[in-house]
Structure formats: C-alpha cells, structure tokens
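A.B. asks: Task: produce atomic coordinates for the following.
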Amino acid sequence: MHSKLNPYIDGEMATTVEIVSRQQWGAAAPKKAPEKIPCAQRVIIHHTDTPSCSSRSECVSRVVSIQRWHMTEKNWDDIAYNFLVAADGTVFEGRGWGAVGAHALSNNHDSLGIAFIGNFKSEAPSCEALASVKQLLQSGVCQGFIKPQFGLCGHRDVKDTECPGAELYAVLQQLKST
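C.D. replies: Here you go, the predicted model:
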C-alpha cells in the first residue's frame, strides 16, 4: 500500500499525494545510515537528466537505475535525492524526510533535494508533477520537516550546472506558493 501525506493543512482538507516507499520501489539498502537534518531551511529542485517515464513499472526501473548509478558510479551512500517525482505526479521516496542528501555539494546539510524525473532543458514539467511537489512541500511544512519560510532554489543556484533545466527552472516560483 502506498503511503499518503497528511491530508490536513491549516485545518482544511487538502489533496493528498501518493508516495511510493523505498520498499515498494525495491531500493537497495544504503551503505550507511544517513545523517539527520531536523528541519530543512531550503529546498533544492533538480531534474534527473534522464528520459522521463510514463508507467509505474518504467518509473520504478528508472528510480532503481538512478540509485544504482549514484551508489556504484558516484560512490555515494544512497540515492542522492530525498524525493523523486514522475510526470504523473507520483512521488518516490529517496532518502526521505529528515535525511541529509547528496544532491548539492556543500549545500546538503540544511536542505531537502527533490528531483523531477526527466530532462527539462527544453520540455516543461507536467502540471501533475508540479502539483505533487507543491503538496509535498505543504506536507513537509505541516509536519515540521521543512521550515515555513523555506528558501526554494534550483540546483543551478548553488552550483555551476544547467540543472534543473531551463523549462523547470522557469516555473520554480510556482512551487513556492504553498
């Protein structure tokens, strides 16, 4: 069964977002337990710079492949991101809430990394993916995992990179209206 985020935000019923747990997508165990972060001050948005995925099985395969690449080729302890989001709006748990990621060198200690699955250099993210990330951010604030006045930026704001792609970067501020 997929977990759902807290459906109550500011006392009102909110749309829930589906999260596919690490167990559900078949994550490998991390090489070591992640460092903990009590409450993220910033959220850094990424794209995976891979082909997007359109079915659950294809997305699971993509997330497994990303984790494998991060752990074997990059020699990181686990998948870099805290969460990954597919075009249909499905959210995949990466390192999850409260864990320090490996998504933005020298910027992981106080941030949460969310990656949109796909390449957004010339393709816009789907409305479903954007809506799910907004809901994820709302839930993170509501549950105390993200500071209410969190900063939001693209990976390119903290490193010399094209990530999260021009089309995703152009709509980042839409995510902040949580």
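A.B. asks: what's residue 76 sitting at in phi/psi?
C.D. replies: Dihedral angles of residue 76 (phi, psi; degrees, to the nearest 10) stand at phi -90, psi 160.
A.B. asks: quick one: average confidence on the longest helix along the chain?
C.D. replies: Longest among the helix segments of the chain by residue count, using DSSP state H, is helix 127-142. For helix 127-142, mean pLDDT is 94.
A.B. asks: who does it touch, helix- and strand-wise?
C.D. replies: On a contact count with 3 or more CB pairs under 8 Å, 6 or more residues apart in numbering; DSSP states H and E, helix 127-142 meets strand 8-9, strand 40-47, strand 83-85, strand 91-93, strand 111-116, strand 146-154, helix 172-176. C-beta here means a position set from N, CA and C on the backbone, and glycine is covered the same way.
A.B. asks: what do you get if the cut-off is 7 Å, keeping everything else the same?
C.D. replies: For helix 127-142, the packing partners by 3 or more CB pairs under 7 Å, 6 or more residues apart in numbering; DSSP states H and E come out as strand 83-85, strand 111-116, strand 146-154, helix 172-176.
A.B. asks: Now the phi/psi pair for the nearest residue to residue 26 once chain neighbours are set aside, please.
C.D. replies: Excluding the flanking residues, the one nearest residue 26 by CB to CB, 6 or more residues apart in numbering is residue 64, at 5.9 Å. Main-chain torsions, residue 64, degrees, to the nearest 10: phi -60, psi -40.
A.B. asks: so what pLDDT did residue 64 get?
C.D. replies: Looking at residue 64, its pLDDT stands at 98.
A.B. asks: Can you give me the neighbour number for it?
C.D. replies: Using other CB atoms under 10 Å, residue 64 is surrounded by 16 other residues.
A.B. asks: Can you find the helix or strand of the protein with the lowest average pLDDT?
C.D. replies: Ranked by mean pLDDT, DSSP states H and E, the weakest helix or strand in the chain is strand 8-9, scoring a mean of 36.
A.B. asks: how close does the residue nearest to residue 26 get to residue 22?
C.D. replies: Distance, residue 64 to residue 22, using CB to CB, to the nearest Å: 11 Å.
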